[in-house]
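K.L.:
Only the shape, not the letters, is given here:
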């Protein structure tokens with residue numbers, strides 16, 4: 001299974017937090033990353049998105065069907081993200097559009113390292129689960145800059 005973590009693009013400051021929208025810079029970041037993802041993602045890939053407006057707007061740039069998952073809201077836990085994605089047993093790749101610090105915590109939990117794994121705004125971290133000789137390993141396939 002591949003798990004792709006996409007941090008939302010640059011957003012306005014303000015409250016309420018769930019209503020923060022992308023800035024002009026954020027819309028450009030999301031469009032650039034979406035173009036890259038569209039070329040790289042498998043055709044069958046579930047897209048799961050936080051209910052936060054900035055995550056919704058980031059995901060819209062991809063022009064693929066997506067599902068809003070309330071459990072992916074800011075403050076989600078590593079378990080929330082892994083459960084929503086069906087890690088490691090999902091039959092298709094899963095793209096999660098969400099928030100720091102949780103996305104970085106997922107990388108640390110699955111691939112080790114840490115105490116933190118910073119993911120820049122609009123960047124993607126692509127993890128792949130491999131099974132070899134009955135042993136499961138997680139490989140970080142790529143991390144992208146925010147392409148701005």
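P.N.:
The structure has been received and is ready for your questions. A quick note: this is a predicted structure, and the numbers were derived from the prediction, not measured. Residues are numbered from 1 along each chain as shown.
K.L.:
what comes up buried for stretch 47-61?
P.N.:
Neighbour counts over stretch 47-61 (16 or more other Cβ atoms under 10 Å) mark 47-50, 52-61 as buried. Just so you know, the C-beta spots here come from the backbone N, C-alpha and C atoms, and that holds for glycine as well.
K.L.:
can you map out the strands along this protein?
P.N.:
For the chain, applying DSSP state E gives strands covering 2-7, 45-49, 67-68, 93-98, 124-132, 135-143.
K.L.:
List of residues touching the third one?
P.N.:
Counting by Cβ atoms under 8 Å, 6 or more residues apart in numbering, the neighbours of strand 67-68 from elsewhere in the structure are 46-51, 56.
K.L.:
let's go with 10 Å and repeat that
P.N.:
With Cβ atoms under 10 Å, 6 or more residues apart in numbering as the test, strand 67-68 has contacts from 46-52, 55-56, 59, 84, 97.
K.L.:
still on that earlier bit, which one of the strands of the chain lies closest to residue 23?
P.N.:
In terms of Cβ to Cβ, the element of these nearest to residue 23 is strand 2-7, at 14.5 Å.
K.L.:
Who does that closest one pair with, and is each partner parallel or antiparallel?
P.N.:
When pairs are called by DSSP bridges, strand 2-7 turns out to pair with strand 93-98 (parallel), strand 124-132 (antiparallel).
K.L.:
Looking at those, which one is packed in the most?
P.N.:
A comparison of the strands paired with strand 2-7 by mean neighbour count, using mean count of other Cβ atoms under 10 Å, puts strand 93-98 on top with a mean of 25.
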